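K.L.:
The amino acid sequence is not available; the structure is as follows:
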């Protein structure tokens, strides 16, 4: 289930709610509640960005994407006109924030790549410098002078009013059934197209959009069947990450080609080949996950969901808190591998001998982010995620982010 990655923004804690249903009966009311909650969360990020407007814009855009995934669920129910109106506005609001997010995102990726190269190509340095200037321009112009965050927050109010007026009074699974089926079928088609059209990064990017819709929809449904749907949601999340990394690498390759310096740069040629190989690796890593997630027909997929919904009994708040970890658990018992699909359940790691000998009452495990682990192992972030998936690294989800137990790093260095 969804939880904010960070709660350091003042006022956001009020809206830190599970991105999941609470009742299996009044689906229309549930969808409206979730839409409004995500909208208010986005508004809080925009009006109270703290000292990091780039992160605030990113969090707001993520909320918009979750809202659009929700709208896809009820698209056949609310009608095409109402869907296009609200979805179109959310898309435009997200696009207004895109330059703010993109100004920092590409620099972050280039920073991670730069550390693995003692002397990056001249084009890399030129592109990095250009992006740095763009980031400064965004900060001074869009954020400070034009107050794009505040402008989007004001326009968001109109969208929230429209959401309150949506005709979502109907009860029962039928409210979302056709929408879930449609998104699943779109994902199947986009996956086939992506692997059929070789060397077409845009095809994988289109597939990623459908995958993210399905991921968010599975998050919403997780309480219905926590152990199974939690795994499905996490696999969809990982698939979206693989495709996202592939897209970012393709964008960086394009950027470096544009920044190409005079004369033949052998370093650039070699570097572009490495980026292309990493992009291809991400696309191939996505294939088995995609096959597993889309192996059923859309009718079978929806029928399974509907059956679980019929058996669903709403939980209390305490129950939901206890089951929020189910989406990360894919094994029953300690260290046992679960039958069928899923990740390995993280196993407990014995602390080093010197720590065992120390007379302390409690020793907290040390964790690394996927990027920190990648740097230590001298591999890419997608490689780290694959190692987590294969059980080579012990990790757990903390506040929506994969955190690797440092004790599991030793055997892989």
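P.N.:
Right, received. Where do you want to start? Keep in mind the model is a prediction, meaning the values are calculated, not measured.
K.L.:
how near is residue 284 to residue 211?
P.N.:
When Cβ to Cβ, to the nearest Å is the yardstick, residue 284 and residue 211 sit 16 Å from each other. C-beta here means a position set from N, CA and C on the backbone, and glycine is covered the same way.
K.L.:
Those two - which one has more neighbours?
P.N.:
Residue environment comparison for residue 284 versus residue 211 gives the larger neighbour count to residue 211, 30 against 12, counting by other Cβ atoms under 10 Å.
K.L.:
Where does pLDDT dip in the stretch 251-400 of the chain?
P.N.:
By pLDDT under 70, the low-scoring segments of the stretch 251-400 of the chain are 259-265, 313-365, 382, 386, 389-391, 397, 399-400.
K.L.:
What ranges does the stretch 251-400 of the chain have for its strands?
P.N.:
According to DSSP state E, counting those that start in this stretch, the stretch 251-400 of the chain carries its strands in the segments 367-369, 395-398.
K.L.:
possible to save those strands as JSON lines with mean neighbour count?
P.N.:
JSON lines is the format used below for the strands of the stretch 251-400 of the chain (neighbours: other Cβ atoms under 10 Å):
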{"stretch": "strand 367-369", "mean neighbour count": "18"}
{"stretch": "strand 395-398", "mean neighbour count": "18"}
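K.L.:
Indicate which one of the ones you listed is closest to residue 385.
P.N.:
For the strands of the stretch 251-400 of the chain, the distance to residue 385 is smallest for strand 395-398, at 9.0 Å, taking Cβ to Cβ.
K.L.:
which other helices and strands contact that closest one?
P.N.:
In this structure, strand 395-398 makes packing contacts with strand 401-405, judged by 3 or more Cβ pairs under 8 Å, 6 or more residues apart in numbering; DSSP states H and E.
K.L.:
What pairs with the strand it packs on, parallel or antiparallel?
P.N.:
For strand 401-405, the paired strands and their directions (DSSP bridges) are strand 367-369 (antiparallel), strand 395-398 (antiparallel).
K.L.:
I'd like the ones you listed laid out as TSV, including distance to residue 102.
P.N.:
Compiled in TSV, these are given as follows (distance: least, Cβ to Cβ, whole Å):
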stretch	distance to residue 102
strand 367-369	21
strand 395-398	26
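K.L.:
so which of those strands gets nearest residue 268?
P.N.:
Distance to residue 268, taken as Cβ to Cβ, is lowest for strand 367-369 among these, at 29.2 Å.
K.L.:
contact partners of that closest one?
P.N.:
Strand 367-369 is contacted by residues 376, 398, 401-406, 409 when judged by Cβ atoms under 8 Å, 6 or more residues apart in numbering.
K.L.:
Ramachandran angles for the one residue sitting closest to the centre of the chain?
P.N.:
Against the mean C-alpha coordinate of the chain, by Cα atoms, centre = their mean, the closest residue is residue 237 at 5.6 Å. The phi and psi values for residue 237, taken as degrees, to the nearest 10, are phi -60, psi -50.
K.L.:
Counting neighbours, what do you get for the residue lying closest to residue 376 once chain neighbours are set aside?
P.N.:
Nearest non-adjacent residue to residue 376, counting by Cβ to Cβ, 6 or more residues apart in numbering: residue 409, 6.3 Å away. Close neighbours of residue 409, defined as other Cβ under 10 Å, add up to 18.
K.L.:
Hmm, residue 409 is touching residue 375, no?
P.N.:
No - with contact defined as Cβ atoms under 8 Å, residue 409 does not reach residue 375; the gap is 11.2 Å.
K.L.:
OK, contacts around residue 121?
P.N.:
Residues counted as contacts of residue 121 (Cβ under 8 Å, 6+ apart) are 256, 265, 267-268, 270-271.
K.L.:
Neighbour count and distance to residue 93 added to the residues you listed, as JSON lines?
P.N.:
JSON lines is the format used below for those (neighbours: other Cβ atoms under 10 Å; distance: Cβ to Cβ, whole Å):
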{"residue": "256", "neighbour count": "22", "distance to residue 93": "31"}
{"residue": "265", "neighbour count": "17", "distance to residue 93": "40"}
{"residue": "267", "neighbour count": "14", "distance to residue 93": "41"}
{"residue": "268", "neighbour count": "19", "distance to residue 93": "37"}
{"residue": "270", "neighbour count": "11", "distance to residue 93": "41"}
{"residue": "271", "neighbour count": "20", "distance to residue 93": "36"}
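K.L.:
taking those one by one, which sit in helices?
P.N.:
Among those, the ones falling in helices (DSSP state H) are 256, 267-268, 270-271.
K.L.:
Identify each of the helices in the stretch 1-150 of the chain and give its residue range.
P.N.:
Ranges of helices within the stretch 1-150 of the chain are 27-47, 53-73, 75-78, 80-114, 122-137, 148-164, based on DSSP state H, counting those that start in this stretch.
K.L.:
For those helices, which has the smallest mean pLDDT value?
P.N.:
Of all the helices of the stretch 1-150 of the chain, the segment with the smallest mean pLDDT is helix 122-137, scoring a mean of 78.
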